Structures are given as structure tokens and as C-alpha cells.
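> all I have is the shape, not the residue letters:
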């Protein structure tokens, strides 16, 4: 029977630290309203260098089969035979064939999709690692165990909403917190502005929700000010000030008071971010005009302004959709890959320009991989997939995990070429969390299933 572990309580040490911060905040406000002040109250005791984690989510389920592609003759022939209408020819892959520092066993070779050519130099420079066959798992699972249902399996496999939630939150749709937010809960006291620990530049995602941390949402052009506040309203500054007072003053009704408190925080943070962006380091790195590139450009600008924002630990989220390609895969997937490759390459260059390349790590994620077999014009929902981790602290230029068999009904296939993951999301996330500074003793607070896997650090981070 499928089972998802409950989140353990915060480690006593961290709880006591936060509880002591509450005494600084005072007792007049209700407990729930004091939580948001914990990070700001405790920030004076924080120390250490800056680090940031950037989740690049590919909504819809990326077709990994045409992302990281078998290149050695034997396996490329098998790949082409399984998806004859979708396969990319071996000659077209020559320019993006990868020469890893540690060779894959059995003469296996892999290439990037031609549309990902922008990130090949990043791989060659040792700042990009390829994670093979990663997916949602509750515990290590063999094909025999999967078929016998003798180990806990992820609930609602092959469901978009549930699997994207499992990737981001370790639980299905309806989860209350995500592992990015739970990690941020442990780091709020590191930032002068705890409200800017988690920043989402693409909308809303469970990944960044914590018990105390919340995601600050903004767009690629910055944070838009509330109309009529901060200037004049109907030609009158007095009118604008009156409006601001009405929407921010304390109220006797608890819900009204909480709404106004959040509004006041929003006004304050909008002013803070706008000033920080205006005074931040200018970037000469060029970014394309597409949405993903512009989201990562804004992340880069925020990182450039980290000092004025009082940030030492931050978690960012960006995303792009359109990957649910049951049809038109050969026409539409290359354009998506070009966006992903170009955006990641520009972001890597921007981090190098800012001198924080080894302090910022980006990684890709998606609902799931797709079937190796074709439905004629596309592919269907799968499970395991291949992903990228990018940054100066990444031990890149190589593959991590196990290259799956290129076969249908083979040893890694649960049906139609759906890969049974050999590396869990918890292992990938755990490695990143440890690099960010999460103590090993707190890892199960962030990732409730991490203890089910022997290797919690996959070694791809320096």
C-alpha cells in the first residue's frame, strides 16, 4: 500500500532558537502573527557566506528521451528503433556528444539534444552535471518489488499535479509545505529580511511553502507597486497617504488586521526590492526575450542586489510549461530545449560575471519523464527522467546515477518504456540541501523519506 512519511517535528535546537526569537518580538500579537518576525528577530546572530538554490521547473513532463540521448552506436540504434518517428539522428548529435571526465560503463555514450548546444560548454567547463534516471520514490525499488507492490510506491503515479507536487513537496497535490520552503524554515534567521528568503518569479509553487517561510512572488519586471500608494491619488499626495493608512493600519478584527499587516509588508518589500534592484550591480550578460530567460535574468539581478536585501541564504523558483507533448513533439520540443539551454547558459554566465558562480546552484525538475516508446507523434506520461545541475560548486563534466537500459519491457521499464527511477528526488534534493547548509540531523525535517536511502549525499556538490 502506498505510504508517504509524515514530516518530523523541527529539531529541538532549531525550535528553541526560534522560540527565543519570539520573546524579542513581544507577546501582544497572536502567535500565528509573530511567526513571520522570527527570521528578522534572529538575523543578528546569523553568519556565513551567501548561497542560493534555483529550481527550474519544466511543467508538463519533459521528454528526457530527446533531451539526453544515447550516442554510442549500439544504444543509438536501439533508441532509433523504439521511436522511429521521433529519434534524432546520430549525425545530428555529433556536436553535442558529451565527453565526461568519468566514462559511463560498458562503452555507453550520451549526447545532449542539438537544441541544448548552449549548455555543452558549461558541461565541458565542469559546471554542469547530468543526473540520470531521477524520479519520485518512497524507498529504493526494484522492478520485481514494483510489480509485487512489496515496497511503498509514490501515490498517483503518472498524474501531472500529484507528481509535480511529489517532486516539490514529497507529497501529492494538497501538500502544505515543499522541501524548498522547509529548508528555508531552517535558514530564516540567516537573512536580514526573512520575507525574501524564498522568491518565486513565475507565480506560485508548493516548493517554496514552509511552516514559517512563505514565497514572495514577483514578475520579470520587478514587484509592481499598489496603485495609488507612494505617489499621488487623484492628484493628491494626502489622498494617497490616506489610502495607505486605510490598507495598513491595525484593526480590531483579527482577519482585517492580518490582511492589513500583509499589505503593509507587501508595500515595504516592494519599496525595498525596487531600491535594491536600482542600486544593484549592472549585468552585461545577455538573456533571450523568452519567459524563462527573463525569469532567470530577474533572479540574477536579485542575487546581484543580495547585500542590500540582507540575504545570505535564498531559494528561488522559475518555471516554463508546454512539455506535455503527446503530439507534435518533434516540432515543439526543440524550441523548448533551446529556451532551457539558452536560459541556463546565460544564467551561468551571469553568475560568473557577478563572481558568485560557486555560491549559486540551479537545477532542473519536471513532473516526470515520458515513455521511451512513441504514440506516433509524441510520448505519454512516464516516471524517471534525466536532469541538470548547474553551478560553480557542482562537480560537473560528468554523469551521476545509472544510465538506463535503452529498451521497452527491459530491466528498467515498468511499461511502455517508463523508467523505474534509480535515483530518488530525495537523494538529489538532499545533496543540494546539505550544500546549502542544512545539518545532516535536520535532513529528514526537509525530506521525510531521505532516511530510506543509504546514499543521502550523491557527491555532485563540492
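All right, it came through fine. The structure displayed is predicted, hence computed values, not measured ones. Numbers count the residues shown, from 1 in each chain.

> quick one, helices of the stretch 351-462 of the chain?
Counting by DSSP state H, counting those that start in this stretch, the stretch 351-462 of the chain has these helices, from start to end: 425-436, 443-446.

> wait, which of those is closest to residue 349?
Residue 349 lies closest to helix 425-436 among these, at 21.3 Å (C-beta to C-beta). Using the backbone N, CA and C atoms, a C-beta is placed for each residue, glycine as well.

> elements contacting that closest one?
Helix 425-436 sits against strand 51-58, strand 128-135, helix 179-185, strand 360-366, strand 385-390, helix 443-446, with contacts defined as 3 or more C-beta pairs under 8 Å, 6 or more residues apart in numbering; DSSP states H and E.

> closest to residue 64 out of the ones you listed?
Comparing the helices and strands packed on helix 425-436 by C-beta to C-beta, strand 385-390 comes nearest, at 4.1 Å.

> so what does the closest one touch, helix or strand wise?
Counting by 3+ C-beta pairs under 8 Å, 6+ apart, strand 385-390 packs on strand 128-135, helix 329-354, strand 360-366, helix 425-436.

> mean pLDDT and distance to residue 235 added to these, as TSV?
TSV is the format used below for the helices and strands packed on strand 385-390 (pLDDT from 0 to 100; distance: least, C-beta to C-beta, whole Å):
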stretch	mean pLDDT	distance to residue 235
strand 128-135	98	54
helix 329-354	98	41
strand 360-366	98	45
helix 425-436	98	49
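
> mind putting the ones you listed into CSV with distance to residue 446 and mean neighbour count?
Supplementary listing: the helices and strands packed on strand 385-390 in CSV, determined by distance: least, C-beta to C-beta, whole Å; neighbours: other C-beta atoms under 10 Å:
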stretch, distance to residue 446, mean neighbour count
strand 128-135, 17, 25
helix 329-354, 24, 21
strand 360-366, 15, 24
helix 425-436, 5, 24
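
> mind checking which of these is nearest residue 261?
Checked against C-beta to C-beta, the stretch from the helices and strands packed on strand 385-390 lying closest is helix 425-436, at 29.2 Å.

> just to revisit the earlier point, for residue 258, find the nearest of the helices of the stretch 351-462 of the chain.
When the helices of the stretch 351-462 of the chain are compared (using C-beta to C-beta), the closest one is helix 443-446, at 26.7 Å.

> excluding its backbone neighbours, what's nearest residue 63?
residue 370 (4.6 Å; C-beta to C-beta, 6 or more residues apart in numbering).

> picking that back up, how about the helices of the stretch 351-462 of the chain in JSON lines, adding distance to residue 462?
Converted to JSON lines, those look like this (distance: least, C-beta to C-beta, whole Å):
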{"stretch": "helix 425-436", "distance to residue 462": "8"}
{"stretch": "helix 443-446", "distance to residue 462": "19"}
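
> out of the ones you listed, which comes closest to residue 74?
helix 425-436 (28.4 Å).

> contacts for the closest one next, please.
Contact with helix 425-436 is made by 51, 53, 131, 134-137, 166-167, 170, 179, 183, 187, 313, 361, 363, 365, 387, 389, 393, 440, 443, 446-447, 449-450, 452-453, 455-461, as judged by C-beta atoms under 8 Å, 6 or more residues apart in numbering.

> next one: the residue nearest to residue 63 from residue 267, what distance?
44 Å (C-beta to C-beta, to the nearest Å).

> so which of the two has more stuff around it?
Shown here are residue 370 and residue 267; by other C-beta atoms under 10 Å, residue 370 has more neighbours (33 against 17).

> state the pLDDT value of the more buried one.
Here the pLDDT value assigned to residue 370 is 98.

> could you give the bridge partners of it?
Beta-bridge partners of residue 370, counted by DSSP bridges, are residue 381.

> ok, now which ones touch it?
By C-beta under 8 Å, 6+ apart, the residues touching residue 370 are 61, 62, 63, 64, 65, 325, 379, 380, 381, 382, 385.

> the stretch 101-250 of the chain: strands as residue ranges?
For the stretch 101-250 of the chain, the strands defined by DSSP state E, counting those that start in this stretch occupy 110-112, 128-135, 198-200, 215-217.

> just checking: what are the partner strands of the last one?
Each strand paired with strand 215-217, and its direction, by DSSP bridges: strand 198-200 (parallel).

> what is the mean pLDDT for the partner strand?
Per-residue pLDDT over strand 198-200 has a mean of 97.

> number of residues surrounding the nearest residue to residue 98 once chain neighbours are set aside?
Excluding its sequence neighbours, the residue lying closest to residue 98 (C-beta to C-beta, 6+ apart) is residue 110, at 5.5 Å. Residues lying near residue 110 (other C-beta under 10 Å) number 22.
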